[in-house]
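**Q** quick one: sequence plus predicted model below, questions after.
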Amino acid sequence: MKLYRCQICGDPYLGSAPPTNCPFCGAAQKYIVLAEDYQDRNDIPDLSSRSRENLKKALELEVNNSGFYLCAAACSPDPVAQAMFKALAKIEAEHAATICKILKIPKPEIKPDDKACQKDPKANFAAAHEREQRAVAFYRQGAADATEDRVCQVFSALVEIESDHIHISETRK
């Protein structure tokens, strides 16, 4: 067994090999390193106002999406859809936590957004698809706007992760 850490969320993983994707934030394997090689890069002393603004918008987006997924999980009559939405809610909450580390603020409480979802899993996957498409577009722009390597890295990883979520919703809607 070896100890690995994700360069995006920082969470540890025990295994004989690095996972294909971080089990916590969904980042690709290229972001998983041996624990002794991990570097916490979240302390950015001169965070630009543009990056700060984009990170605050990203935090709001992730909190809202997590709340949506919690609602969708609770509303779904299908156990597989429930599990999928619950997993997506956890991943979005982990993204919020990562953003909070960079902003040096406490993570807000995330609650189900009971008005954001429906009892129909297909409708919720369609809504998820739209949410994830908006997120990818925003994160691409956030990465392009970033003057800090770490902010660019996080936004770029989020583009990849949210693109994976789009593929999930495409197969389920």
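**A** In hand now; what should we look at? No experiment lies behind these values; they were computed from the predicted model shown.

**Q** in terms of contact, does T147 touch N54 like I think?
**A** No: judged on C-beta atoms under 8 Å, T147 makes no contact with N54 at a distance of 11.0 Å. Any C-beta I mention is one placed from the backbone N, CA and C, and that applies to glycine too.

**Q** the two: which has the busier surroundings?
**A** Neighbours around T147 and N54, counted as other C-beta atoms under 10 Å, are more numerous at N54. The numbers are 21 against 11.

**Q** and the pLDDT at the more buried one?
**A** pLDDT, N54: 98.

**Q** so it, which state does it fall into?
**A** Here N54 is recorded as helix under DSSP: H, G, I helix; E, B strand; the rest coil.

**Q** now the closest residue to Y31 other than its chain neighbours: how far from D43?
**A** Leaving aside its chain neighbours, Y31 sits nearest to Q7 (4.4 Å; criterion: C-beta to C-beta, 6 or more residues apart in numbering). The gap separating Q7 from D43 is 14 Å, by C-beta to C-beta, to the nearest Å.

**Q** who has more neighbours, those two?
**A** Between Q7 and D43, counted using other C-beta under 10 Å, the more crowded position is Q7 (20 against 10).

**Q** any idea how the protein splits into domains?
**A** Listed by automatic domain parsing, the domain ranges of the chain are 2-37, 49-172.

**Q** what about H95, how many neighbours?
**A** By other C-beta under 10 Å, 30 other residues sit near H95.

**Q** for it, what are its contacts?
**A** Neighbouring residues of H95 by C-beta atoms under 8 Å, 6 or more residues apart in numbering: C9, C25, A58, E62, L158, I161.
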